[in-house]
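# Task: produce atomic coordinates for the following.
(2 chains)
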Amino acid sequence: MIRLTVNDKEYSLDVEPDTPLLWVLREQLSLTGTKYGCGKAQCGACTVQVDGIALRSCVFPIAAASGKKITTIEGLERSGKLHKIQRAWIEADAPQCGYCQSGMIMATVALLETTPSPSDADIDDQITNICRCGTFQEVRQAIHLAAADQD
Amino acid sequence: MKAEVKISRRVFLARSALACSGLAIGVAIPTAANATETGNIRSDEVNAWVVVRSDDTVLIRIARSEMGQGTLTGLAQLVAEELECDWSKIVTEFPTPGESAKRGRPWGAFGTFGSHGIRDSHEYVRKGGAIARELLVLAAAKRLRVHRGDCRANNGVIIHAPSGRRFRYGEVAEEAARLAQDIQPKEFNFDSLVLKSPADWKIIGKPLKRLDTGDKVNGKQVYGADVRLPDMLNASVRRCPVFGGRLKSYRSANVLQQRGIEKVVTIGDDAIAVVADTWWRANKALDNLDIQWDEGPNATQTSDAVDAMLREGLSSEDAVVGNRNGDPERMFDNTEQMLEAVYAYPHQTQAPMEPMNATVFYDGHRCEAWVPTQDGEKAFQEVVRASELPPAQCEVHKLIIGGGFGRRGHYDDDFLSQAVQIARQVPGRPVKLLWSREEDMTHSRYHPVMHCKLQAAISNQGQLQGLRMRLCGQSILAGARPQLYARFNHKDPFVFQGLNRGGDASIGYGIPSLLIDYVMRNSHVPPGFWRGVNINQNALFLECFMDELAEAAGKDPYRFRREHMHEHPNHRAVLDAVADRIGWDQSAPEDRYRGLAQAHAYGSYVAAACELSVSEGNRVKIHRIVAATDCGYAVNPAQIRRQVSGSFVFGLSALFMQACTVKGGRIEQHNFDTYPSMRMAQTPEVETIIMESRADTWGGVGEPTIAVAAPAVLNALYRATGKRYRDFPLSKHGLLLV
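So this is what the prediction gives:
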């Protein structure tokens, strides 16, 4: 049995230890907001937070997540209120197809925790997710909006 | 007796459909309440397009697919404009293809490609909104026992002007719905409804936010890959990596012992799938099947061999002429200067972020599919074909799509067919087939490979006297739409996209002697629609060569183009707009170089100018992009800007880093590590100019701009490096986008 905490809920899971965290989230816990895009940590659609660090969950074996605290896109909302990054995303009207945006938002959560007021260069360095629709211009704007939100 | 009434009613509906601009057609009002014969009509459905709930929520039905391009929002704006409803109360829904078939296609075509969403359905969706409004007003007038002419609708409220009495839409919706069924053709001629003048538009033309954003930022949006049904199984598939090869053998005994594995099934003669409780287990088990392939006749194919075949075609005699004027055979007879260049465009895949998938339930009596598709009706036909059940026992549920780019506009022998065939082998339980990214990249429908030889004659005065363009490569139509191809007498007219004499996708230059022809050479790699389709390579060939010609003529590339655009004011206007905005007449900042390009496709004129620098010989930084779009009426300028800026990510990813190459008959690139896509740091700021609307014109937006991204950058790159790159991607020449 592997024990872990996801979005403040504790789970005990009987799964093969090499199962990537992504597929545990999606298939065992029904948290499908975290997306499969490549399975090779290339695209970032599967980004979640593990003990406060942004990780690409498609290559992160569940055995390594044992005892850790995981936050997914579904866990950003607090008592019915959207996270300021989510609000900024709506304000900037950032998503197009939207499939990569969970990962984009989770990568931004990590960015703003280490760099509350990121420069464009900081954003370039740390937001390395792929978006095939090409929403980068709006995502950049949304990150600046979120950084400026003092809430 | 009742049946007779229905029949006459259908005749009326068919006539009214015909009367409306020849479009087939969304003005049908609900036919009858008999759900078994005419579909599931709700009591609050005012007409096929509009349902008004008692709480005033307005549900607008959208037949086209939403894959990020924003058509859902744009089409809702068109309906809402005529409906005179409260925009904040709108929700949307996709009607199902099965329902459409039962009702006689009240929503028209579902197909979502070719930037068609708005440009082909603007009229009938607005009529759908206008008819619904009219029914709501009539219902209110009837309830008040007043003349309809004394009532008007505004922002979801009907007001009887003389008395000031008012009804909210939600209060009269059910009466309006009943009215729609009772009303006789002679009482009210819906075709006489006049659509609002553009001067009176309140919702069309506004930069409104998308309607589908909320669930995309909190993880709640259910894409096809996220579908979960009770008792559902999951499947992963592997198809012979060599196109045309077959499954020879496999061993399933060990796999079937593994945890969660339900079944190993073959699909046709070339694919095998594992069905399991979870996708992860199914996908992993594929590696343990010891699969042997009979790779077939294409096993030794290479990209080099394909290229050699296309090079031969550049001087072959079996050409189809696409555009011709003057005397192209003699254009070099007395010419002062002749120039020749050969360009080559590689295979590429669309690689939408959501890999291909479909969820299918089949039990021998019924077959239902949940599928992200660009054409619900074609998907429905494929479900009917693959399930071998009558259409009335089939249904397709469309979902918001995680990227399409043309890939999800293919149906024959593709992921949906596979999913149905898997479902038939586990009857009674829904099964979700999700392709791995590797399957997605190696079994796509690829951007056609195309070569182009260009030859030009330039006069002493530096005027272009003649131009010959010989295209040689794959026909998408022949490969992906063989029936349509046959209807065109085995000539694919779409290969000349952007090079036509007039009409849509026309060439923007007047040239005294011109010959553009095409030699078809199909490789074994299945071709497909790739955002922008044939305009991509054609604009690249022509616009890069125009720069080469300008240099040979000793002229500025912008001025040289303009000298040949006297008869093409719309092409010229967008080119002027980008040249002006980027400051073409002033010198660029130090060490920065500029290029520009223009094109016409999907009813829109587009141009781009870029400014870039090159450091350390191979590191390309794009500092600035200016893009102009003339799409006629700009239904939602905010979403147009997003399509335009996104087009540069798609187009420049392709230019710099993307090719699907063939070795041993198979595609060599399997994932984003070998088939990269642009990221944040590489993406330039795009300044979008939306040209002033041309009256009565509705152009597409999702695709045209892609075509000018590559040539604008290549022309700037020449100025920066002195090198003309004529085969792609640029990464093969060691160039990096930074």
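# Let me know the outermost residue of chain B.
B:Ser163 (49.9 Å; C-alpha atoms, centre = their mean).
# pull the helix or strand with minimum mean pLDDT from chain B.
helix B:2-18 (a mean of 29; mean pLDDT, DSSP states H and E).
# And the helices in the stretch 501-650 of chain B?
Counting by DSSP state H, counting those that start in this stretch, the stretch 501-650 of chain B has helices at residues B:535-552, B:557-563, B:569-582, B:637-657.
# And the pLDDT for the residue lying closest to B:Ile640 once chain neighbours are set aside?
Nearest residue to B:Ile640, sequence neighbours excluded (C-beta to C-beta, 6 or more residues apart in numbering or on different chains): B:Val701, at 5.2 Å. C-beta: built from backbone N, CA, C; applies to glycine. Here, the pLDDT recorded for B:Val701 equals 94.
# and what of B:Phe188?
On the pLDDT scale, B:Phe188 gets 61.
# Need phi/psi at the residue nearest to B:Ile640.
Torsion angles at B:Val701 (phi, psi; degrees, to the nearest 10) stand at phi -130, psi -30.
# isn't it right up against B:Thr629?
Yes - with contact defined as C-beta atoms under 8 Å, B:Val701 counts as touching B:Thr629 (6.7 Å).
# what's the overlap in contacts for these two?
Both B:Val701 and B:Thr629 are in contact with B:Ser604, B:Ile640, B:Val644, where contact means C-beta atoms under 8 Å, 6 or more residues apart in numbering or on different chains.
# What about the second one, how many residues nearby?
Applying the criterion other C-beta atoms under 10 Å in any protein chain shown, we find 22 residues in the vicinity of B:Ile640.
# which residues touch it?
B:Thr629, B:Cys631, B:Ala634, B:Thr688, B:Ile690, B:Val701.
# switch to 7 Å and redo it
By C-beta atoms under 7 Å, 6 or more residues apart in numbering or on different chains, the contact set of B:Ile640 is B:Thr629, B:Cys631, B:Ala634, B:Ile690, B:Val701.
# Checking B:Asp212 next. Helix, strand or coil?
coil (DSSP: H, G, I helix; E, B strand; the rest coil).
# Quick check on it: phi, psi?
phi -110, psi 30.
# Please identify the helix or strand for the residue nearest to it when sequence neighbours are not counted.
With sequence-adjacent residues excluded and distances taken as C-beta to C-beta, 6+ apart, B:Asp212 is closest to B:Leu72, at 5.8 Å. Take DSSP states H and E as the rule and B:Leu72 turns out to sit in helix B:71-83.
# For the helix or strand harbouring B:Lys127, buried residues please.
Using DSSP H and E, B:Lys127 sits in helix B:117-144. Neighbour counts using 16 or more other C-beta atoms under 10 Å in any protein chain shown place B:117-141, B:144 of helix B:117-144 among the buried residues.
# which ones are touching whichever residue of the stretch 601-738 of chain B sits closest to chain A?
Per C-beta to the nearest C-beta, B:Val649 is where the stretch 601-738 of chain B lies closest to chain A, at 2.7 Å. By C-beta under 7 Å, 6+ apart, the residues touching B:Val649 are A:Gly134, A:Phe136, B:Met678, B:Thr683.
# and what of B:Gln658?
Counting by C-beta under 7 Å, 6+ apart, B:Gln658 has contacts B:Gln348, B:Tyr675, B:Pro729.
# how about these in a markdown table, adding neighbour count?
Output for the contacts of B:Gln658, formatted as a markdown table (neighbours: other C-beta atoms under 10 Å in any protein chain shown):
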| residue | neighbour count |
| --- | --- |
| B:Gln348 | 22 |
| B:Tyr675 | 23 |
| B:Pro729 | 22 |
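# Which residue lies nearest the spatial centre of the chain?
As the question left the chain open, I've gone with chain A. Mean-position check on chain A, C-alpha atoms, centre = their mean. Result A:Met106 at 2.7 Å.
# meant chain B, my bad for not saying
B:Phe113 (3.1 Å).
# Leaving out the residues flanking it, which one is nearest to B:Arg366?
Closest to B:Arg366 by C-beta to C-beta, 6+ apart is B:Gln393, at 5.1 Å.
# Now that that neighbour has come up, it's in contact with B:Glu368, right?
No - using C-beta atoms under 7 Å, B:Gln393 makes no contact with B:Glu368, being 9.3 Å away.
# Run through who's touching stretch A:110-118.
Counting by C-beta under 7 Å, 6+ apart, A:Gln49, A:Gly52, A:Ile53, A:Ala54, A:Ile85, A:Asp122, A:Gln126, A:Ile127, A:Ile143, A:Ala146, A:Ala147 sit against stretch A:110-118.
# Restrict those to those that also contact chain B, please.
Filtering the contacts of stretch A:110-118 for proximity to chain B (criterion: C-beta under 7 Å from any C-beta of the partner chain) leaves A:Ile127.
# Within reach of chain A, which of the buried residues of helix B:117-144 are there?
Okay, of the buried residues of helix B:117-144, nothing touches chain A (C-beta under 7 Å from any C-beta).
# where's the residue farthest from the centre of chain B relative to B:Cys151, distance?
With distances taken as C-beta to C-beta, to the nearest Å, B:Ser163 is found 10 Å from B:Cys151.
# returning to that earlier point: would you list the contacts of B:Gln658 in a markdown table and tack on pLDDT, secondary structure and distance to B:Asp580?
Shown next, in a markdown table, are the contacts of B:Gln658 (pLDDT from 0 to 100; DSSP: H, G, I helix; E, B strand; the rest coil; distance: C-beta to C-beta, whole Å):
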| residue | pLDDT | secondary structure | distance to B:Asp580 |
| --- | --- | --- | --- |
| B:Gln348 | 98 | strand | 33 |
| B:Tyr675 | 98 | coil | 37 |
| B:Pro729 | 98 | coil | 31 |
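# which ones among these come in contact with chain A?
Okay, of these, nothing touches chain A (C-beta under 7 Å from any C-beta).
# Report how many residues lie close to B:Leu515.
Neighbours around B:Leu515, by other C-beta under 10 Å: 22.
# Leaving out the residues flanking it, which one is nearest to it?
Nearest to B:Leu515 is B:Pro328, by C-beta to C-beta, 6+ apart, at 3.5 Å.
# C-terminal to the regular element (helix or strand) spanning B:Thr359, what's the next element?
Per DSSP H and E, B:Thr359 falls inside strand B:357-362. Sequence order places strand B:367-371 as the next helix or strand after strand B:357-362, per DSSP H and E.
# Now that next one: average pLDDT?
98.
# residues near A:Gly113, how many?
Just so we're on the same page, residue A:113 is Glu rather than Gly. Count around A:Glu113 with other C-beta under 10 Å applied: 12.
# same question, A:Ala63
Going by other C-beta under 10 Å, the residues that sit close to A:Ala63 add up to 13.
# pretty sure it is in a helix, no?
Yes - counting by three-state DSSP, A:Ala63 is part of a helix.
# Show the model's pLDDT score for the residue of chain A at minimum distance from chain B.
Nearest residue of chain A to chain B: A:Gly33, at 1.9 Å (C-beta to the nearest C-beta). At A:Gly33, the model reports a pLDDT of 98.
# Could you do B:Gly117 as well?
With respect to pLDDT, B:Gly117 has a value of 74.
# Apart from its neighbours in sequence, what residue is nearest it?
B:Thr71 is the one closest to B:Gly117 (C-beta to C-beta, 6+ apart), at 3.5 Å.
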